[in-house]
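Colleague: Give me a 3D structure for the following:
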Amino acid sequence: MHHPIRTGVLGLIALLAIAAACSDQSTPARPTPLEPGAAQSAALLPGAAHRSLTVQPPTSRYGVVVLGDQLGDPTQGPTVAQYAADAHVGWVRIPLYWELLQPNGPNFDPAALALARRKVQNAVNAGLNVYATLEASPSWARYDRPGCVKDHRYPPSQDMWIWWQRFVKGMVDSIPDVDYWGIWNEPNAPNFFQTCPETTAVDGYGLLVEYAAPQIRNTPAVHQAGMKKLVAPEIGGDPNMDAWFNSFMAGHSGSTDVTSIHQYAYSYDASAKVTALKWPGKPMWMTESGFWEWADDSTQASQLTNVLQHMQTNGNWDKTFFYELNVTERNYELLRNGTQQKPAYYCLQAFIASQPLPHACTVFPQF
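Modeller: Next up, the predicted model:
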C-alpha cells in the first residue's frame, strides 16, 4: 500500500535509449547468470563489511513495516528501532528504492546507500531481523516507446535487465545483514506495477524475480543457516489476487523461497485466504496487514488484535508485518507523530508478550 516517489534522469544514455527503443517490443528471454566480476562497486565502499551482532531468532512471527528515512537518521533512527523492539516484534520490513539508490546511472549514490545501510544497521542494533524490498525503477533503466510511456512502476526495458541484476547483486553484497529480500510492492495493482501491453504483469514481474533470484539465493545468510532467501510476490488484496498468485507461482515457484501477500483483515478471518494460497513447501508471510485507517483508536486496536488472534490459530500463516510503525500516513501508523504509542501499539506489545497463551486486548489507559 505504500507510496512511491521521485525519479532521476540520465542524459548520458539517451542516445542508446532512442536507438534501442524499437527493440523493446518482445518479452525478454529468461536471465542467464551474472558474469564474473559484475558485482557493483557498492560492495567495496566503506561500511559494507558485516558487523557481528545478535538479532532475535528469525522464527519470530511478528514484524512491522517501517517507512520513510527516520529509521536511517543518525539521531532518530535508534529510537525508532527501539520502539519496534519494545513492541516485541522480531522483524522490520524496509522498502528500498532503486530510483533513489542509483538515480543517474548504474553506480550507487553514496548518500542514498549510506542511508539504506543506517536503516538496516539501526534495526539490527536493536536486535531485529530485516526484510528489505527492492522497487521503483530509475528513469535511465527504462525508456518510452510508442504506445508505452513508462514511469517508476515499470520494470527495466529489454536491454536494461542486466542493470537490475547488477543492482540486486550490489545491494545484497553492500548490506549483508539482510537475509530476506523481496521484489517490488503489490505487482498485481496497476498503481504500483505496470508493463507494456504485449507483456502481462505476471510475466513482467516474473522476470524481475528470475533476474534477482540467483543474486540473492546464492549468497550465504548472516543471521541464519543456509543461503539468503527471496520473498515474493508481495501481492495486494484484490479481486484478481488468487488467479494472479497461482499464475505467478506456477511459473516461478522455483525461484521463490517464501510466498507473501497483503491482507488488511479489519474484521474478518484471513485464514481462509492464507490457506487457499498456501503453496506446498513454501512458508507464507503476510507482509502487510493492519487496521482501517479511519477507525478510532479503540477500534484500530481491536482490529489489529483480530488479525493476531486468527494468525495464532492458523498453521499456514507464518508471519505478519503490520503496516506501519512510524510515518503519519492516513492514520495507519502505530506511533502517532512518530513518537506516541497508540492503543494498537500496546495491544501488539501485550499480545506478543503473552505468547503462547491466547490473549485479547482489552483496556489500556490510552483508550
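
Colleague: where does the residue nearest to the spatial centre of the chain land on pLDDT?
Modeller: Central residue of the chain (CA atoms, centre = their mean): Thr133, 2.9 Å from the mean position. Thr133 carries a pLDDT value of 98.

Colleague: list the contacts for it?
Modeller: Arg93, Ile94, Pro95, Leu96, Trp181, Gly182, Ile183, Trp184, Asn185, Val231, Glu234 (CB atoms under 8 Å, 6 or more residues apart in numbering). (Each C-beta comes from the backbone N, C-alpha and C, glycine too.)

Colleague: Apart from its chain neighbours, what residue comes closest to the fifth one?
Modeller: The one in question is Trp181. Ile216 (4.9 Å; CB to CB, 6 or more residues apart in numbering).

Colleague: Leu134 belongs to a strand, doesn't it?
Modeller: Yes. Under DSSP: H, G, I helix; E, B strand; the rest coil, Leu134 falls within a strand.

Colleague: Near it, how many other residues are there?
Modeller: 22 (other CB atoms under 10 Å).

Colleague: Check Val66 too.
Modeller: Val66, neighbours per other CB under 10 Å, totals 28.

Colleague: Surely it touches Ala85?
Modeller: No. Applying CB atoms under 8 Å, one finds Val66 not in contact with Ala85, separated by 11.7 Å.

Colleague: so what's the residue nearest to Trp181 up against?
Modeller: Taking CB under 8 Å, 6+ apart as the contact definition, Ile216 lies against Val168, Val172, Trp181, Lys228, Lys229, Leu230.

Colleague: cutoff 6 Å now
Modeller: Counting by CB atoms under 6 Å, 6 or more residues apart in numbering, Ile216 makes contact with Val172, Trp181, Lys228, Leu230.

Colleague: State the distance from Leu67 to Arg217.
Modeller: 27 Å (CB to CB, to the nearest Å).

Colleague: now Arg118
Modeller: Note on Arg118: its distance to Arg217, by CB to CB, is 26 Å.

Colleague: what do you get for Asp73?
Modeller: Applying CB to CB to Asp73 and Arg217 gives a distance of 32 Å.

Colleague: Give me the residues contacting stretch 312-325.
Modeller: So stretch 312-325 is in contact with 61, 63-67, 84, 93, 271, 274-275, 278, 283-290, 311, 332-334, going by CB under 6 Å, 6+ apart.

Colleague: So for that stretch, mean pLDDT?
Modeller: The model assigns stretch 312-325 a mean pLDDT of 91.

Colleague: Also stretch 291-305?
Modeller: On average, stretch 291-305 scores 90.

Colleague: quick one: buried residues of that stretch?
Modeller: Phe291, Ala295, Asp297, Ser298, Thr299, Gln300, Ala301, Ser302, Gln303, Leu304, Thr305 (16 or more other CB atoms under 10 Å).

Colleague: next one: stretch 56-67
Modeller: Quick answer for stretch 56-67 (16+ other CB under 10 Å): Gln56, Pro58, Ser60, Arg61, Tyr62, Gly63, Val64, Val65, Val66, Leu67.

Colleague: Now the terminal residues of that stretch, how far apart.
Modeller: Stretch 56-67 has an end-to-end distance of 21 Å (criterion: CA to CA, to the nearest Å).

Colleague: buried set for the helix or strand encompassing Asp242?
Modeller: Using DSSP states H and E, the element containing Asp242 is helix 241-252. Across helix 241-252, burial judged by 16+ other CB under 10 Å covers Met241, Trp244, Phe245, Ser247, Phe248, Met249, His252.

Colleague: I'd say the fifth one and Ala232 touch.
Modeller: Read that as Phe248. No. Look at Phe248 against Ala232 with CB atoms under 6 Å: they stay out of range, at 7.4 Å.

Colleague: Select from the contacts of Ile216 every entry located in strands.
Modeller: Among the contacts of Ile216, the ones falling in strands (DSSP state E) are Trp181, Leu230.

Colleague: So which of the contacts of Ile216 is the closest to Cys196?
Modeller: In terms of CB to CB, no member of these lies closer to Cys196 than Leu230, at 24.6 Å.
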